[in-house]
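1. predicted model and sequence below, questions to follow.
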Amino acid sequence: MKLRRSRLLAVLPALVLAIGVTTAAPAAAGTPTVGSGWNNFSCKPSARHPRPVVLVHGTFGNAVDNWLGLAPYLVARGYCVFSLDYGQLPGVPFFHGLGAVDASARQLAGYVDRVLAATGAAKTDIVGHSQGGMMPREYLKFHGGADKVNALIGLAPSNHGTDLDGLTRLLDQFPGARQYLSTLTPGLTDQIAGSDMLGRLNAGGDTVPGVRYTVIATRYDEVVTPYRTQFLDGPGVHNVLLQDLCPADLAEHVAIGLADGVAFHETANALDPAHATPTTCASG
């Protein structure tokens, strides 16, 4: 029994760190967002970019750290950009996206309503990283989001879950491990391939009518594995592999959301396909 417990303690930190990690440190106090035009609720969309963009962080991320690269990139291109915290657990600051996915989708629903009311827009576009690229599909399918969202762009999204290259299968070797994780951090176990939540989300098809979907994945993803499980099937879907656009791109799971210029350029193309430009290794 002691041996099993020690093995469990060795496995759990690796699992927790591996699923959807998006940030290495908490947000610095006083990080400017409104001053740069990001999370500025007085922003009004332009004729060129008539929809606000809502950014949805990944597991262990937050509304600031996950978007220190992409949010200013989009603001500089004339978008009204907003980001939210979701999936918070009591007593856990900075690191969010740990609550149950369905509850997080309800939080997203309320935030989108707030953004639409402030901007006067009829619909929004959503860009999400990791869990943040998958969780909005719960909002679209079950919480009225299909009528309020024009496009969903997922950066390394956990759309069909992850096996973490087999690591999650170790949970079944330790009695009570899966229940332990589910109780404490349901946002993690909801993303394990084969979870009840993913079964319900993907039943009947990956998409809902009226929404455009883009998935941007990297061959070097070490978290949402195999990487092809990120791709969606259905009408209005555009699946992109970074290495098809730039074979030299080495971005992995974290970098694709934080700093990869190729992914950022392809995100901008997905937000404004009428004015898309070729994405190359020099994009950024």
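-> Yep, that arrived. Only a predicted model underlies this, so the values are computations on that prediction, with no experimental measurement involved.
2. next SSE after whichever strand or helix holds Y139?
-> Assigned by DSSP states H and E, Y139 falls within helix 131-142. Where DSSP H and E defines the elements, the next helix or strand beyond helix 131-142 is strand 149-155.
3. just the angle between that following strand and helix 131-142, please?
-> Angle of strand 149-155 versus helix 131-142, following axes from the mean of the first three to the mean of the last three C-alpha atoms, to 10 degrees, is 150 degrees.
4. quick one: the helices in the stretch 101-250 of the chain?
-> 101-119, 131-142, 177-184, 186-189, 196-202, 242-245 (DSSP state H, counting those that start in this stretch).
5. who are the packing partners of the longest one?
-> Put plainly, it is helix 101-119. Counting contacts by 3 or more C-beta pairs under 8 Å, 6 or more residues apart in numbering; DSSP states H and E, helix 101-119 packs against strand 53-56, strand 81-84, strand 124-129, helix 131-142, helix 186-189, helix 196-202. C-beta: built from backbone N, CA, C; applies to glycine.
6. quick one, which of these is nearest to G261?
-> strand 124-129 (15.2 Å; C-beta to C-beta).
7. relative to the closest one, what are the paired strands and their orientations?
-> strand 53-56 (parallel), strand 149-155 (parallel) (DSSP bridges).
8. in JSON lines: those, plus mean neighbour count, mean pLDDT and distance to H253.
-> JSON lines is the format used below for the strands paired with strand 124-129 (neighbours: other C-beta atoms under 10 Å; pLDDT from 0 to 100; distance: least, C-beta to C-beta, whole Å):
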{"stretch": "strand 53-56", "mean neighbour count": "28", "mean pLDDT": "98", "distance to H253": "16"}
{"stretch": "strand 149-155", "mean neighbour count": "26", "mean pLDDT": "98", "distance to H253": "9"}
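9. make TSV out of these and add distance to Y73.
-> Shown next, in TSV, are the strands paired with strand 124-129 (distance: least, C-beta to C-beta, whole Å):
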stretch	distance to Y73
strand 53-56	11
strand 149-155	13
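10. compare the ones you listed and give me the one nearest L250.
-> Here strand 149-155 is closest among the strands paired with strand 124-129 (C-beta to C-beta), at 15.6 Å.
11. and the angle from the closest one to helix 101-119?
-> Using the same axes, to 10 degrees: strand 149-155 against helix 101-119 is 130 degrees.
12. CA atoms only for strand 149-155, dumped as CSV, please.
-> Extracted in CSV, the C-alpha atoms of strand 149-155 (Å, rounded to 0.1, in the frame of the first residue of the first chain):
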residue,chain,number,x,y,z
VAL,A,149,-20.4,33.5,-31.9
ASN,A,150,-19.2,33.9,-35.5
ALA,A,151,-15.9,31.9,-35.3
LEU,A,152,-14.0,29.8,-32.9
ILE,A,153,-10.2,29.6,-33.4
GLY,A,154,-8.5,26.9,-31.3
LEU,A,155,-4.7,26.9,-30.7
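13. now do that strand: everything it contacts.
-> Residues from elsewhere that reach strand 149-155, judged by C-beta atoms under 8 Å, 6 or more residues apart in numbering: 51, 112, 123-130, 132-134, 136-137, 139-140, 211-216, 230, 256-257, 263, 267, 270-271.
14. got a quick ChimeraX command for the buried subset of the residues you listed?
-> Filtering the contacts of strand 149-155 down to the buried ones (16 or more other C-beta atoms under 10 Å) takes a single ChimeraX command:
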select :51,112,123,124,125,126,127,128,129,130,132,133,134,136,137,139,140,211,212,213,214,215,216,230,256,257,263,267,270,271
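15. could you tell me the least trusted of the helices and strands packed on helix 101-119?
-> Lowest mean pLDDT within those: helix 186-189, a mean of 93.
16. for that one, packing partners?
-> If you count contacts as 3+ C-beta pairs under 8 Å, 6+ apart, helix 186-189 packs onto helix 101-119, helix 177-184.
17. point out where this structure drops to low pLDDT.
-> 1-36, 167, 180 (pLDDT under 70).
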